[in-house]
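Colleague: sequence plus the predicted model coming up.
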Amino acid sequence: MRTTLDLPEDLLEEAMKVTHTNTKTGVIIKALEELVRKSKISNLKKYKGKIDLEIDLDEIRDRH
């Protein structure tokens, strides 16, 4: 999808350096992916302490 954006050039260049990305499109894609990833992690943190992950796979698979 083509979109015209007015972005601060210095911020874009810095982001390209720290992500080792050569294109403006690439660095924006990485930034969006990171934003989505962090949002998902934040949503998962709501369940901290509420889910019991002490699972015995042998018992579940009936391997006594």
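Modeller: Nice, thanks for sending it over. Numbers count the residues shown, from 1 in each chain.
Colleague: may I have the phi/psi pair for G49?
Modeller: phi 80, psi 0 (degrees, to the nearest 10).
Colleague: any idea how far G26 is from it?
Modeller: 38 Å (CB to CB, to the nearest Å). (Each C-beta comes from the backbone N, C-alpha and C, glycine too.)
Colleague: with neighbour numbers in mind, choose between the two.
Modeller: The neighbour comparison of G49 against G26 (other CB atoms under 10 Å) goes to G26, with 13 against 7.
Colleague: now do the helices in this protein.
Modeller: 9-19, 24-44, 57-60 (DSSP state H).
Colleague: switch those over to a markdown table; also include distance to M1.
Modeller: A markdown table is the format used below for these (distance: least, CB to CB, whole Å):
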| stretch | distance to M1 |
| --- | --- |
| helix 9-19 | 19 |
| helix 24-44 | 11 |
| helix 57-60 | 44 |
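Colleague: could those be laid out in a markdown table, adding distance to R2 and mean pLDDT?
Modeller: Shown next, in a markdown table, are the helices of the chain (distance: least, CB to CB, whole Å; pLDDT from 0 to 100):
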| stretch | distance to R2 | mean pLDDT |
| --- | --- | --- |
| helix 9-19 | 17 | 96 |
| helix 24-44 | 10 | 95 |
| helix 57-60 | 49 | 80 |
